[in-house]
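**Student:** The following block contains a protein sequence and its predicted model.
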Amino acid sequence: MKNSNMVHQREWIYGKKNIALLIFSVTLISCSQKKKIDLLVYNAVVYTVDSTFSRAEALAIDKGRILEVGTSADLQGKYDASNEMDVKGKFIYPGFIDAHAHFFGYGLGLRELNLAGTESWEDIMTRLNDFSKNFSKNEWLIGRGWDQNDWSSKEFPDNKKLNEEFPDQPVFLTRIDGHAAIANQKALELAGIKAGDKLTGGEVEVKNGKLTGILIDNAVDLVSSKIPPPSGRRIKEGLLNAQQNCFAVGLTTIDDCGLDYQAILFIDSLQKRGDLKMRIYAMLSDNKPNYDFLFKNGKIKTDRLNVRAFKVYADGALGSRGACLLAPYNDKPHWSGFLLSSQQHFDSIAQILVLKGFQMCTHAIGDSGNRTMLKIYGKYLKGKNDLRWRIEHSQVIAERDFRLFGEYSIIPSVQPTHATSDMYWAASRLGNERIKGAYAYKQLLRQNGWIPLGTDFPVEDISPFKTFYAAVVRKDAKGWPDNGFQFENALTREEAIRGMTLWAAKSNFEETEKGSLEKGKLADFIIADKDLMKAAASELPGINVLATFLGGEKVFEKK
Ligand SMILES: [Zn+2]
C-alpha cells in the first residue's frame, strides 16, 4: 500500500511539473517565440523508414539535420523556418543510397561522346562538332557507341570528313562492342600507324593504299593506349556531371566499389572545397599501394566520405562465362569458369582485414566463387558478428550455402536490375535447376533479415526506380515475363525501400546518421511525384524525382 501511495504521489508531482512546463511553452508561443530553423517541409506523405515504417506529414530541418518529424499543423505551430515548402501532398523518402556502383568510372565515361543510337555518319559528325566546342585543340575527342548496322548504308565509314574538319586534333570513336573503332589521321599519326602495318589479332584497314581510319580488334588498342589520361579539370567536370545525373534520380549516397587511393584523395579534395557534394562510401581496390595507404592512415570518415572497405574480385561475370561454377556451364561442357586469384590470396586478405578491423567486400558471381568466399569469410568471422563483410552480387548460390550468410552474418549486396537484364539467357548458362539459386534476393534477405540494394551503374542504368521495379515486380520494361522472373524471390515494396535506404546505410556502417528520416539524422531526402508503396507496377520505373535535398540543401529540382 505504502509503496503504491508513493508512486501516486510521485506521478502527481511530475504531473504538476508538466502543467508548469505547458504554461511556460504556451506563453512562449503566444509571444510568437517560435523556434527559428532553416527549413520546414509540410503537407507531404513522408515515409520515414523508421523501425515501424511510420508515415508523417512534415519535416523540421536545421543545420543540415532533421530536428523533428511530425504533422504539418504541429511543426508549423512550433517552428519559424527561413524557408517553408508546401509539398502539396507529394511523397518524401530518405535519399536513396546505391550500395554498389562505380561513380568515378561513370563520371569519367561522361567526358566521352555517347554515340549509341546515332542514325548516320552525318549524325555523328554533327554531334562531334558540337561536342568539340568544350575542348581545346590539343585534347583528344573520344566517343563510343556507334553501330553502322543502325544506319541505312550499313557500311563502315571512313575518316575523310574527320580529317577535313579536325586536321590537328586527334579523334577516336569506338564502335558499340569495342571491337572496332575509327580514328582520324592525327590520331593515327600520334599512334605511329602507317598504311600496310601488319599485326596479329587485328587489322588496320587500307583502301586504295590509304588508311581509312577503321581499326579492328587489337588495332583498336594501338590507338587507345596512346590516349593520355584525363586532366584533373576533366575528371572534375565528369564527376560533377555524374553527380547532377545522380541527384536527378534521388541518389544522395553512392558506394563506389573499387577505387585507387589517389582517386579517393581527389574526391576528398573536391568535397572539401565544396565542389562535389555527393556522399561517397568508397571501397579501395585489392592492390598493395591501397592496403599500404589505408593501413598507414587509418579509416577516413567525413560528412561526405567514408573509407574503411576493400573490394576484392573472386571471379568474373556470368554472361562471358567467367563466373566460377561448381559444375560445368550448361551451355559449355567441361568449362566451369575460374577464380581470379588463388584461394591463398583471398585467405591472406581476409586474415589481415579481420585483424585490422576493415570491411571486406568481394565480388562473387558463380556458386563456386561464392562458396569459396563464404568459407574463407567464415574461417575468420567464426560465428555471428557485426563486421558486415559483404559479398557483392551474391549472384548464384548453391542451395546448401545460403545458410552460411546467416551463420557468419555475411551481407549479400545485390543489384535487382541484374536479374531482369540477365533473365533472357541466364538459364542457358546455368540450366533449369541451378538457376533457382540465382538472383535469389528474398532467400538471401531471410539469412540476416536485411539486404542492401544497388545498381552497379554504369553497367546498369543509374535509376533507383528501376532497381525498385526489378526488385518488387521482376519484369522487364515491357512487362515480360507475365508472372515475373522467379517471382518467389521478389521483395515486398517495404523491403525494397529499406534496401535502397536504411539497409544500404547499414551495409556502410552509417545507419545512425542516414537511411531514414528521424530526429538527429542528416536531412538527405527526396520528393517524388508518385507513391512507391501504391503506384501501379507499370508506373514504378517512370516515377519522377521533383527535388533532392542533401544535408537540408536543395541540390536538384525538376524543371
Ligand atoms: Zn560493380
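**Tutor:** Received it, and whenever you're ready, just let me know what you need.

**Student:** Thr212: which element?
**Tutor:** strand 210-217 (DSSP states H and E).

**Student:** who does that strand touch, helix- and strand-wise?
**Tutor:** Packing partners of strand 210-217 (3 or more C-beta pairs under 8 Å, 6 or more residues apart in numbering; DSSP states H and E): strand 180-183, helix 185-190, strand 202-207. For glycine as for every other residue, the C-beta is placed from the backbone atoms N, C-alpha and C.

**Student:** mind running it again at 10 Å?
**Tutor:** Judged by 3 or more C-beta pairs under 10 Å, 6 or more residues apart in numbering; DSSP states H and E, the packing partners of strand 210-217 are helix 160-165, strand 171-175, strand 180-183, helix 185-190, strand 202-207, helix 218-224.

**Student:** Run through the stretch 51-200 of the chain and note the low-pLDDT ranges.
**Tutor:** Within the stretch 51-200 of the chain, no stretch has pLDDT under 70.

**Student:** ok, 90 please
**Tutor:** 110-111, 116-117, 134, 136-138, 148-150, 152-155, 176-179, 196-200 (pLDDT under 90).

**Student:** can you give me the strands in it?
**Tutor:** Remark: strands assigned in the stretch 51-200 of the chain by DSSP state E, counting those that start in this stretch are 55-56, 58-62, 65-70, 79-86, 91-94, 96-101, 113-114, 141-146, 171-175, 180-183.

**Student:** Give the partner strands of the first one in its sheet and their orientations.
**Tutor:** Strand 55-56 has the following sheet partners, assigned by DSSP bridges: strand 45-47 (antiparallel).

**Student:** ok so, going back, sheet partners, orientation included, of the strand holding Thr212?
**Tutor:** Partners of strand 210-217 in its sheet, by DSSP bridges: strand 180-183 (antiparallel), strand 202-207 (antiparallel).

**Student:** List the buried residues in it.
**Tutor:** 211-216 (16 or more other C-beta atoms under 10 Å).

**Student:** just the angle between it and strand 171-175, please?
**Tutor:** Interaxial angle of strand 210-217 relative to strand 171-175 (axes from the mean of the first three to the mean of the last three C-alpha atoms, to 10 degrees): 50 degrees.

**Student:** Kindly provide the whole-number mean pLDDT of strand 210-217.
**Tutor:** The average pLDDT for strand 210-217 rounds to 94.

**Student:** Please save the CA atoms from that strand in PDB.
**Tutor:** Provided in PDB are the C-alpha atoms of strand 210-217 (Å, rounded to 0.1, in the frame of the first residue of the first chain):
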ATOM      1  CA  LYS A 210      45.300   4.800 -97.800                       C
ATOM      2  CA  LEU A 211      44.300   4.400 -94.200                       C
ATOM      3  CA  THR A 212      40.500   4.600 -93.800                       C
ATOM      4  CA  GLY A 213      40.800   5.100 -90.100                       C
ATOM      5  CA  ILE A 214      38.900   1.800 -89.300                       C
ATOM      6  CA  LEU A 215      40.700  -0.300 -86.800                       C
ATOM      7  CA  ILE A 216      39.700  -3.900 -85.900                       C
ATOM      8  CA  ASP A 217      40.300  -5.800 -82.600                       C
END
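
**Student:** And it, how far out from the chain middle?
**Tutor:** 37 Å (C-alpha atoms, centre = their mean, to the nearest Å).

**Student:** Nearest to Arg144, out of the strands paired with strand 210-217?
**Tutor:** Arg144 lies closest to strand 180-183 among the strands paired with strand 210-217, at 8.3 Å (C-beta to C-beta).

**Student:** Export the closest one to PDB, keeping only CA atoms.
**Tutor:** C-alpha atoms of strand 180-183 as PDB (Å, rounded to 0.1, in the frame of the first residue of the first chain):
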ATOM      1  CA  ALA A 180      36.200  -1.700 -83.800                       C
ATOM      2  CA  ALA A 181      36.900   2.000 -83.900                       C
ATOM      3  CA  ILE A 182      37.500   4.800 -86.300                       C
ATOM      4  CA  ALA A 183      40.400   7.300 -85.800                       C
END
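
**Student:** related to what we said a few turns ago, among the helices and strands packed on strand 210-217, which is the most enclosed?
**Tutor:** Mean neighbour count (mean count of other C-beta atoms under 10 Å) peaks for strand 180-183 among the helices and strands packed on strand 210-217, with a mean of 26.

**Student:** Adding distance to Trp146, write the buried residues of strand 210-217 out as CSV.
**Tutor:** As requested, the buried residues of strand 210-217 are arranged in CSV below (distance: C-beta to C-beta, whole Å):
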residue, distance to Trp146
Leu211, 18
Thr212, 15
Gly213, 13
Ile214, 12
Leu215, 13
Ile216, 14
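
**Student:** and those residues, which two are the farthest apart?
**Tutor:** Leu211 and Ile216, at 12.7 Å, using C-beta to C-beta across these.

**Student:** after the one helix or strand Leu353 maps to comes which helix or strand?
**Tutor:** In the assignment (DSSP H and E), Leu353 maps to helix 343-356. Using DSSP H and E, the helix or strand that follows helix 343-356 in sequence is strand 359-363.

**Student:** The helix holding Leu353: which residues count as buried?
**Tutor:** So, applying 16+ other C-beta under 10 Å, buried residues of helix 343-356: 346, 349-350, 353-354.

**Student:** still on that earlier bit, what's the closest of the helices and strands packed on strand 210-217 to Ile97?
**Tutor:** strand 171-175 (32.3 Å).

**Student:** what do Leu211 and Ile216 both touch?
**Tutor:** 204-205 (C-beta atoms under 10 Å, 6 or more residues apart in numbering).

**Student:** which residues touch Glu237?
**Tutor:** Listed by C-beta under 10 Å, 6+ apart, the contact partners of Glu237 are 107, 110-111, 134, 230-231.

**Student:** Return the closest of those residues with respect to Leu173.
**Tutor:** Arg111 (14.0 Å).

**Student:** Distance check, the closest residue to the closest one other than its chain neighbours against Leu270.
**Tutor:** Closest residue to Arg111 apart from its sequence neighbours, by C-beta to C-beta, 6 or more residues apart in numbering: Gly238 at 4.5 Å. Here the criterion is C-beta to C-beta, to the nearest Å. By it, Gly238 lies 11 Å from Leu270.

**Student:** Flag the shaky bits of the stretch 251-400 of the chain, pLDDT-wise.
**Tutor:** For the stretch 251-400 of the chain (pLDDT under 90), the answer is 319-320.

**Student:** could you pull out the strands for it?
**Tutor:** Under DSSP E, counting those that start in this stretch, the stretch 251-400 of the chain gives strands at 251-259, 279-285, 300-301, 305-313, 359-363, 390-392.

**Student:** Give me whichever of these is most buried.
**Tutor:** strand 390-392 (a mean of 28).

**Student:** Show me what counts as buried in the next helix-or-strand element following that one.
**Tutor:** Next along the chain after strand 390-392, taking DSSP H and E as the criterion, comes helix 402-407. Buried residues in helix 402-407, counting neighbours by 16+ other C-beta under 10 Å, are found at 402, 404-405.

**Student:** Please apply the same query to stretch 134-154.
**Tutor:** So for stretch 134-154, counting by 16+ other C-beta under 10 Å, buried means 139-146, 148, 151.

**Student:** before we move on, the earlier item: need the strands of the stretch 51-200 of the chain in CSV (columns: distance to Asn306).
**Tutor:** As requested, these are exported to CSV (distance: least, C-beta to C-beta, whole Å):
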stretch, distance to Asn306
strand 55-56, 28
strand 58-62, 22
strand 65-70, 17
strand 79-86, 29
strand 91-94, 17
strand 96-101, 11
strand 113-114, 31
strand 141-146, 32
strand 171-175, 34
strand 180-183, 38
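
**Student:** so which of those strands gets nearest Lys198?
**Tutor:** strand 180-183 (17.5 Å).

**Student:** next one: the closest one to chain centre, how far?
**Tutor:** 30 Å.

**Student:** again, but for stretch 215-229
**Tutor:** 29 Å.

**Student:** Which residues outside the helix holding Leu353 are in contact with it?
**Tutor:** 286, 291, 294-295, 298-299, 309-310, 312-314, 339-342, 358-362, 364, 372-373, 375-382, 385, 387, 389.
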